[in-house]
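Undergrad: Sequence isn't available, so here's the structure alone:
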């Protein structure tokens, strides 16, 4: 989260820099030092205006944003140039309303279509919410998508088939209902399958569609950083934020151990050289710095369709399906045992006489490679490998004392139980009061806090953007009056 927040903070400053440069170009006959002082004061005031520090002022400017949001479609619809599009949209809307309200032979098919439209919209929206916001966003994969996979796999294993409908697990906030939202037949088990109980590939095929839709949503959520940087570059203005970032990266990290800066250097140079393929590769793995990728592509003025296609392929067709494959395996009964066995064997191999020499060798190689001018990727990889080896060695040393593998197994079992459907129990004479600290209630509270933070941050950013727009108009007016 901190990595995304840092890159998002840099992105939010691009427009500030661009506005400063534009106004500075037009300061003919005007005291440029005075205008610069005013611009800096206004920028400082904007950054200090948050929903927590100045709630009344923030909500006022947010209300102006809402007014603009309402006026924009009204102005668009009343523009004579758009009458044909307005008529087409109105006709489509009227047809949908008629199909929904008038009963007929089409009704069953229409209801199914409407249901899956909202189902896929739910997952698409969660994907967008996961990555949108220039540093904001909750990882809805961890909160919604992966628990949904767990619930589908566990339910299919228990019922020995797919006679249930998991598409009703949607639009439940603050936390997903998972298996509680599935629709089941009256029978305890599914009808026997010709090929026996479902296996890994059956589970994977069942969750692949919502998984890919969610992944494509995460790709759409990456557009804001790209658009912010692209708009400044298209205006013909030098992106000082980007230039300063690139210069500082190469100057301050040569021979240093800052892994984040090394990753940033590698990303900038790689994207500059490889373009579409670079974006595709950067989007094909969990990348906390992908906001910077959008900034770089916007600065280099990569066409939006190329950036979007590469990001959709990487996130929606490669990364998300691979993540789903891994979680499908871990959440299945056989995969759980295999994962725990592999973790135990892997951990046991990092004894002191193996881990210490290997870790020292990797650290020395990382230090030596970092002294070479222009070396970026190799020191980064070696440093991460040395840190992983050190962690695994310490974990193996304290394995007997802390029982790490046993705790891993217990934690995984709790996750699996959390995704299971609660079976109704027989009523007792003294029914226990519902617990407020149950795992599902704690999870719901955690999700609620993330949603509230997301809302507060979005309100703050939109308010700051509106104030920046008004400040720009005020500075332009000052320039004209002088």
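TA: Everything's here; your move. Only a predicted model underlies this, so the values are computations on that prediction, with no experimental measurement involved.
Undergrad: can you give me the end-to-end distance of stretch 182-196?
TA: 23 Å (Cα to Cα, to the nearest Å).
Undergrad: buried residues in it?
TA: Burial within stretch 182-196, assessed by neighbour count using 16 or more other Cβ atoms under 10 Å, is assigned to 182, 190. C-betas here are computed from N, CA, C, even on glycine.
Undergrad: Could you give the separation of that stretch from the chain centroid?
TA: Centre-to-centre, stretch 182-196 and its host chain are 35 Å apart (Cα atoms, centre = their mean, to the nearest Å).
Undergrad: Can we start the residue count at 81 from this point?
TA: Fine by me, first position is 81 from now on; the one you just mentioned is stretch 262-276.
Undergrad: what does that stretch rub up against?
TA: Contacts to stretch 262-276, defined as Cβ atoms under 8 Å, 6 or more residues apart in numbering, come from residues 231, 235, 239-246, 248-249, 501.
Undergrad: which among the residues you listed end up buried?
TA: 231, 235, 239-244, 246, 249, 501.
Undergrad: Quick check: which of those residues has the minimum pLDDT.
TA: Confidence by pLDDT is poorest for residue 501 among the buried ones among the contacts of stretch 262-276, given 73.
Undergrad: Wait, a strand at that one?
TA: No - with the criterion set as DSSP: H, G, I helix; E, B strand; the rest coil, the secondary structure at residue 501 is coil rather than a strand.
Undergrad: So for it, what's the nearest residue that isn't a sequence neighbour?
TA: Distances taken as Cβ to Cβ, 6 or more residues apart in numbering place residue 259 nearest to residue 501, at 3.7 Å, with adjacent residues excluded.
Undergrad: so what's residue 172 up against?
TA: If you count contacts by Cβ under 8 Å, 6+ apart, residue 172 has none.
Undergrad: That one: helix or strand, and which one exactly?
TA: For residue 172, the element it lies in under DSSP states H and E is helix 163-181.
Undergrad: Quick one: distance of that helix to the chain centre.
TA: Distance, centroid of helix 163-181 to centroid of chain: 34 Å (Cα atoms, centre = their mean).
Undergrad: could you give me the average pLDDT of that helix?
TA: Here helix 163-181 scores 93 as its mean pLDDT.
Undergrad: try stretch 436-451
TA: pLDDT averaged over stretch 436-451 gives 84.
Undergrad: So which bits of that stretch are buried?
TA: Under the neighbour-count rule (16+ other Cβ under 10 Å), stretch 436-451 has 438-439, 442-443, 445-446, 449-450 buried.
Undergrad: ok, now stretch 369-387?
TA: Taking 16+ other Cβ under 10 Å as the neighbour-count basis, stretch 369-387 is seen to contain the buried residues 369-380, 382, 387.
Undergrad: Now do the end-to-end distance for it.
TA: Between the start and the finish of stretch 369-387 there is a gap of 16 Å, counting by Cα to Cα.
Undergrad: how far is that stretch from where the chain is centred?
TA: Offset of stretch 369-387 from its chain centre (Cα atoms, centre = their mean): 16 Å.
Undergrad: next SSE after the worst-scoring helix or strand of the chain on mean pLDDT?
TA: Lowest mean confidence among the helices and strands of the chain (mean pLDDT, DSSP states H and E): helix 82-105, at a mean of 46. Downstream of helix 82-105, the next assigned helix or strand under DSSP H and E is helix 112-128.
Undergrad: In stretch 384-404, which residues are buried?
TA: So, applying 16+ other Cβ under 10 Å, buried residues of stretch 384-404: 387-388, 390-401, 403-404.
Undergrad: Let's see which of these end up in helices.
TA: Within those, residues falling in helices by DSSP state H are 387-388, 390-392, 400-401, 403-404.
Undergrad: got those residues as CSV, with distance to residue 156 and pLDDT columns?
TA: Below are those laid out as CSV (distance: Cβ to Cβ, whole Å; pLDDT from 0 to 100):
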residue, distance to residue 156, pLDDT
387, 26, 92
388, 23, 92
390, 30, 93
391, 28, 94
392, 27, 94
400, 34, 93
401, 38, 94
403, 39, 93
404, 39, 93
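Undergrad: from the residues you listed, which is closest to residue 529?
TA: The closest of those to residue 529 turns out to be residue 403 (Cβ to Cβ; 24.3 Å).
Undergrad: which residues in the stretch 381-530 of the chain form helices?
TA: With DSSP state H, counting those that start in this stretch applied, the stretch 381-530 of the chain shows helices at 384-392, 400-411, 413-428, 432-450, 457-477, 479-482, 484-499, 519-561, listed in chain order.
Undergrad: closest to residue 203 out of those?
TA: Between residue 203 and the helices of the stretch 381-530 of the chain, the tightest spacing by Cβ to Cβ is seen for helix 400-411, at 10.3 Å.
Undergrad: who wins for proximity to residue 283 among the helices of the stretch 381-530 of the chain?
TA: Comparing these against residue 283 with Cβ to Cβ, the closest turns out to be helix 400-411 (5.1 Å).
Undergrad: quick one: the closest one to helix 413-428, angle?
TA: Taking axes from the mean of the first three to the mean of the last three Cα atoms, to 10 degrees, helix 400-411 and helix 413-428 form an angle of 90 degrees between their directions.
Undergrad: for helix 400-411, packing partners?
TA: Contact here means 3 or more Cβ pairs under 8 Å, 6 or more residues apart in numbering; DSSP states H and E; on that basis helix 400-411 packs against helix 226-239, helix 280-300, helix 413-428, helix 484-499.
Undergrad: of all these, which lies closest to residue 532?
TA: Minimum separation from residue 532 across those (Cβ to Cβ) falls at helix 226-239, 20.1 Å.
Undergrad: ok, now which ones touch the closest residue to residue 137 other than its chain neighbours?
TA: Using Cβ to Cβ, 6+ apart and skipping residues adjacent in sequence, the residue nearest residue 137 is residue 129, 5.8 Å away. Taking Cβ under 8 Å, 6+ apart as the definition of contact, the neighbours of residue 129 are 137-138, 141, 540, 543-544, 547.
Undergrad: give me phi/psi at residue 129?
TA: Summarising the backbone geometry of residue 129 under the convention degrees, to the nearest 10, its torsions are phi -90, psi 100.
Undergrad: Count residues in the vicinity of residue 532, would you?
TA: Here the neighbour count serves as a burial measure; for residue 532 (other Cβ atoms under 10 Å) it reads 11.
Undergrad: What separation do you get for it and residue 252?
TA: Computed as Cβ to Cβ, to the nearest Å, the residue 532 to residue 252 distance reads 17 Å.
Undergrad: Same check on residue 138?
TA: Residue 138 is 30 Å from residue 252, by Cβ to Cβ.
Undergrad: Settle it for me: which of those two has more neighbours?
TA: Legend: neighbour count by other Cβ under 10 Å for residue 138 and residue 252, higher for residue 138 (22 against 15).
Undergrad: That one: what's it in contact with?
TA: Residues 129-131, 539-540, 543 are the ones in contact with residue 138 under the rule Cβ under 8 Å, 6+ apart.
Undergrad: same thing with residue 352?
TA: 376, 380.
Undergrad: which SSE is it in?
TA: Residue 352 is located in helix 339-354, with elements delineated by DSSP H and E.
Undergrad: quick one on the thing from earlier: pick the one among the ones in helices among the buried residues of stretch 384-404 closest to residue 561.
TA: Each of those was checked against residue 561 using Cβ to Cβ; the closest is residue 387, at 41.1 Å.
Undergrad: What sits closest to that closest one if chain neighbours are left out?
TA: Leaving out its chain neighbours, the residue that sits closest to residue 387 by Cβ to Cβ, 6+ apart is residue 377, at 4.9 Å.
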